[in-house]
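Colleague: take a look and give me a structure for this.
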Amino acid sequence: MASLHPMDELKEKLKAILEVVPPGSEVIYADYPVYNNGGDLLIMKGTEKFFHDYNIKVRARYSEMNFPDKLSVPDNCIIICQGGGNFGDLYANHQQMREKIVRCFPSHRIVVLPQTIHFENERKADMTAALFNNHPDLHLFVRDMRSYDFAMAKFHNCRVRLCPDMAHQLWPLQPASRPAKDVLYFLRTDSETFAGQQHIDKEADDSNRLDWETLFTPSEVRGILYFQKFYSLDKKLGGLLPVRSFWYKYTDYLMNRAINLFSSYREVRTSRLHGHILSCLLDMPNVVIDNSYGKNSQYYEVWTAGNPKAGLHGAPESKLEQPS
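Modeller: Residues are numbered from 1 along each chain as shown. This next block holds a predicted model:
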C-alpha cells in the first residue's frame with residue numbers, strides 16, 4: 001500500500017480540530033484578514049475550506065475592522081478565532097480583539113486556530129495568560145513546539161494542542177502553468193526580517209525578488225485600501241453593507257495571482273512562512289529561510305522537514321527533489 005504524501009498527512013492532522021468543533025457545529029468566525037498579507041489570506045481560504053469540508057455552519061464572520069462593539073452570540077455557537085502568527089504583543093489589534101472575545105464571552109466555547117505565539121514583554125504574556133486561564137472552555141491550537149511549550153507553561157487552564165497551519169486544508173493546489181523561470185526569492189522586508197537573510201538578498205535582483213507587498217500591483221493594493229475604508233464604514237452602519245462577499249471574491253483573485261506567480265518558477269527561496277507553505281501546497285521545490293524569532297525554522301522542523309521538496313536554509317545541505 002502506497003504511503004501518504006507528507007502533505008496529505010498534514011491535512012489529516014487538522015482533523016484534531018473536529019474534537020472541539022464537531023462536524024455540523026454552528027460557529028462565529030472572527031478576525032479574518034482584510035489587508036495585503038497573502039499568508040493570512042491563505043489561512044483564511046484554508047479555514048473556509050475546512051468549514052465547507054466538515055459541514056461547519058458559519059452564522060457570522062467578522063474582521064478586526066468590523067467586529068461589533070456589542071455582539072449577541074447564540075448559546076450553541078462556538079466562537080472561532082483566525083489562526084496565524086499574530087498571537088502575542090507584536091500585532092496589538094489582533095491580540096486585543098482575541099482578548100476582548102475571551103473577556104466578553106465567558107459562557108461560550110472559544111477556539112483559537114493554529115497560531116505561533118511570540119511575546120517580547122513577559123508581563124504582557126502573564127496578563128494574557130491570566131485572562132485566558134479564567135475562561136472555562138478555551139481551546140488553543142499552536143503551530144510549533146516553542147509555542148506549545150510556552151502555552152503549556154502559561155495557559156494551564158486552557159486545552160492546548162499542536163496542529164499544522166490551516167492553509168494545509170487547501171492541499172493539493174494545482175499549478176497554473178509549467179515553470180519557465182529559475183528561482184523566485186520571496187523575502188520579507190519588515191520587522192521580522194532575519195539578519196541571516198542578508199547574503200540571500202545579494203543573490204536576488206529586482207526581477208525575481210518579491211514579497212506580499214510587492215507581489216500585488218499598486219492598483220491592487222489601492223483596492224485593498226478601499227475595502228478597508230468600506231469595512232470601517234460598515235461597522236459604523238451596524239453591518240449593513242455586503243463587504244465580506246465582495247472581499248472574498250477579491251481575495252480569490254489575489255490568491256490566483258500568487259499561485260500564477262509561484263507556478264512560473266522552478267524553485268522558491270523564501271523567508272515568508274506562507275511562501276514556504278504555498279510552495280508545498282503546489283508541490284514545488286523550496287527553501288525556507290528563518291524569520292527574526294525562529295517561526296519559520298520551528299514550523300519546518302515540526303511539520304515540513306519530511307517533505308522531500310522542502311529544505312531549511314542553513315541546515316546540513318541536502319539535494320531537493322526536483323520536479324519531473
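
Colleague: next one: the longest strand belonging to the chain to chain centre, how far?
Modeller: In the chain, assigned by DSSP state E, the strand with the most residues is strand 110-118. On the basis of C-alpha atoms, centre = their mean, to the nearest Å, strand 110-118 is displaced by 10 Å from the centre of the chain it belongs to.

Colleague: put the alpha carbons of the next helix or strand after that strand into PDB.
Modeller: For strand 110-118, the succeeding helix or strand toward the C-terminus, using DSSP states H and E, is helix 122-133. What follows is helix 122-133 as a C-alpha-only set of coordinates in PDB (Å, rounded to 0.1, in the frame of the first residue of the first chain):
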ATOM      1  CA  GLU A 122       6.800  38.900  29.800                       C
ATOM      2  CA  ARG A 123       4.400  41.000  31.800                       C
ATOM      3  CA  LYS A 124       2.000  41.200  28.800                       C
ATOM      4  CA  ALA A 125       2.300  37.400  28.400                       C
ATOM      5  CA  ASP A 126       1.300  36.900  32.000                       C
ATOM      6  CA  MET A 127      -1.600  39.200  31.700                       C
ATOM      7  CA  THR A 128      -2.900  37.400  28.700                       C
ATOM      8  CA  ALA A 129      -2.400  34.000  30.300                       C
ATOM      9  CA  ALA A 130      -4.400  35.200  33.400                       C
ATOM     10  CA  LEU A 131      -7.300  36.200  31.200                       C
ATOM     11  CA  PHE A 132      -7.300  33.100  29.100                       C
ATOM     12  CA  ASN A 133      -6.900  30.800  32.200                       C
END
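
Colleague: now for whichever helix or strand comes after helix 122-133, which elements pack on it?
Modeller: In the C-terminal direction, the helix or strand that comes right after helix 122-133 (DSSP H and E) is strand 138-142. Under the contact definition 3 or more C-beta pairs under 8 Å, 6 or more residues apart in numbering; DSSP states H and E, strand 138-142 sits against strand 110-118, helix 145-154, strand 159-162. (Each C-beta comes from the backbone N, C-alpha and C, glycine too.)

Colleague: adjacent strands (with direction) for the longest strand of the chain?
Modeller: Under the criterion DSSP bridges, strand 110-118 sits next to strand 78-81 (parallel), strand 84-88 (parallel), strand 138-142 (parallel) in its sheet.

Colleague: pick out the shakiest of those strands, pLDDT-wise.
Modeller: Among the strands paired with strand 110-118, strand 84-88 carries the lowest mean pLDDT, a mean of 94.

Colleague: residues touching that strand, excluding its own?
Modeller: The set of residues external to strand 84-88 that reach it, using C-beta atoms under 8 Å, 6 or more residues apart in numbering, is 33, 39-40, 43, 94-95, 98, 112, 115-120, 125, 143, 147, 273, 295.

Colleague: now stretch 145-157
Modeller: Residues outside stretch 145-157 that contact it (C-beta under 8 Å, 6+ apart) are 87, 115-118, 125-126, 129, 132-135, 138, 140, 142, 158, 160, 162, 294, 298, 301-302.

Colleague: quick one, helices of this protein?
Modeller: 6-13, 38-53, 92-104, 122-133, 145-154, 198-203, 212-215, 218-236, 243-263, 273-281, 295-299 (DSSP state H).

Colleague: indicate which one of the ones you listed is closest to residue 174.
Modeller: helix 243-263 (8.3 Å; C-beta to C-beta).

Colleague: and the closest one, what's buried?
Modeller: Within helix 243-263, the residues that count as buried by 16 or more other C-beta atoms under 10 Å are 243-244, 247, 250-251, 254-255, 257-259, 261-263.

Colleague: so which elements touch it?
Modeller: Against helix 243-263 (3+ C-beta pairs under 8 Å, 6+ apart) you get helix 38-53, strand 181-186, helix 212-215, helix 218-236, helix 273-281.

Colleague: send me that helix as PDB with only the CA atoms.
Modeller: Output in PDB follows, covering the C-alpha atoms of helix 243-263 (Å, rounded to 0.1, in the frame of the first residue of the first chain):
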ATOM      1  CA  VAL A 243     -18.500  43.900   2.200                       C
ATOM      2  CA  ARG A 244     -17.500  40.400   3.100                       C
ATOM      3  CA  SER A 245     -18.900  38.700   0.000                       C
ATOM      4  CA  PHE A 246     -17.100  41.200  -2.300                       C
ATOM      5  CA  TRP A 247     -13.900  41.000  -0.300                       C
ATOM      6  CA  TYR A 248     -13.800  37.200  -0.500                       C
ATOM      7  CA  LYS A 249     -14.200  37.400  -4.300                       C
ATOM      8  CA  TYR A 250     -11.400  39.900  -4.400                       C
ATOM      9  CA  THR A 251      -9.100  37.600  -2.300                       C
ATOM     10  CA  ASP A 252      -9.900  34.700  -4.700                       C
ATOM     11  CA  TYR A 253      -8.400  36.900  -7.400                       C
ATOM     12  CA  LEU A 254      -5.400  37.900  -5.200                       C
ATOM     13  CA  MET A 255      -4.600  34.300  -4.300                       C
ATOM     14  CA  ASN A 256      -4.800  33.300  -8.000                       C
ATOM     15  CA  ARG A 257      -2.200  36.000  -8.700                       C
ATOM     16  CA  ALA A 258       0.100  34.400  -6.100                       C
ATOM     17  CA  ILE A 259      -0.500  30.900  -7.500                       C
ATOM     18  CA  ASN A 260       0.300  32.100 -11.000                       C
ATOM     19  CA  LEU A 261       3.500  33.700  -9.900                       C
ATOM     20  CA  PHE A 262       4.800  30.800  -7.900                       C
ATOM     21  CA  SER A 263       3.900  28.300 -10.600                       C
END
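
Colleague: please consider this matter closed, and thank you.
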